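Q: dropping a prediction and its sequence here:
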Amino acid sequence: QVHLVQSGGGLAQPGGSLRLSCAASGFTFSNYAMSWARQAPGKELEWVSRIYSDGKVRDDADSVKGRFTISRDNAKNTVYLQMNSLKSEDTALYYCVKGKAGYPDEYDYWGQGTQVTVSS
């Protein structure tokens, strides 16, 4: 059974940093792309970042490019999102998501969600 267990997040000031983690189990983690997505109150779900199975290729949404860094440790079955230079508009519920086999931009499993609030 697939599980994605998120940790991290919380409250940060504008310009601050936070780190999200997502521990995966129940599948061969190193075979799949992983992503982070977020949903702000009253807004649609937004894809944030993706990292491919080998960890060498990454994509970021324009809204976070240069500020957020996705990474993974295949030995620990864990994906991370380092968020720097946080802005109020980064406030959202963040989800770790697993890509489908052969379709890295389609998702079949989601973490439980982690709240990130950026406020002074």
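A: Nice, thanks for sending it over. Residues are numbered from 1 along each chain as shown.
Q: next structured bit after the helix or strand Leu81 falls within?
A: Secondary structure from DSSP states H and E places Leu81 in strand 78-83. For strand 78-83, the succeeding helix or strand toward the C-terminus, using DSSP H and E, is strand 92-100.
Q: partners of the strand holding Leu81, with directions?
A: Strand 78-83 has its sheet partners listed here by DSSP bridges as strand 18-25 (antiparallel), strand 68-73 (antiparallel).
Q: got a list of contacts for it?
A: For strand 78-83, the surrounding residues in contact (C-beta atoms under 8 Å, 6 or more residues apart in numbering) are 12, 17-24, 34, 36, 48-49, 51, 64, 67-73, 90, 94, 96, 116. Using the backbone N, CA and C atoms, a C-beta is placed for each residue, glycine as well.
Q: only alpha carbons, please: show stretch 12-30 as PDB.
A: C-alpha atoms of stretch 12-30 as PDB (Å, rounded to 0.1, in the frame of the first residue of the first chain):
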ATOM      1  CA  ALA A  12       7.400  31.800   8.300                       C
ATOM      2  CA  GLN A  13       8.000  35.500   7.800                       C
ATOM      3  CA  PRO A  14       8.200  37.000   4.400                       C
ATOM      4  CA  GLY A  15      11.700  36.400   3.100                       C
ATOM      5  CA  GLY A  16      12.200  33.400   5.400                       C
ATOM      6  CA  SER A  17      12.600  29.700   4.600                       C
ATOM      7  CA  LEU A  18      10.900  26.400   5.300                       C
ATOM      8  CA  ARG A  19      11.600  22.800   4.300                       C
ATOM      9  CA  LEU A  20       9.000  20.200   3.500                       C
ATOM     10  CA  SER A  21       9.700  16.500   3.600                       C
ATOM     11  CA  CYS A  22       7.700  13.500   2.200                       C
ATOM     12  CA  ALA A  23       8.600  10.000   3.200                       C
ATOM     13  CA  ALA A  24       7.300   7.400   0.700                       C
ATOM     14  CA  SER A  25       6.600   3.700   1.200                       C
ATOM     15  CA  GLY A  26       4.800   0.900  -0.600                       C
ATOM     16  CA  PHE A  27       6.400   1.300  -4.000                       C
ATOM     17  CA  THR A  28       9.800   1.400  -5.600                       C
ATOM     18  CA  PHE A  29      10.500   5.100  -5.000                       C
ATOM     19  CA  SER A  30      13.500   5.400  -7.300                       C
END
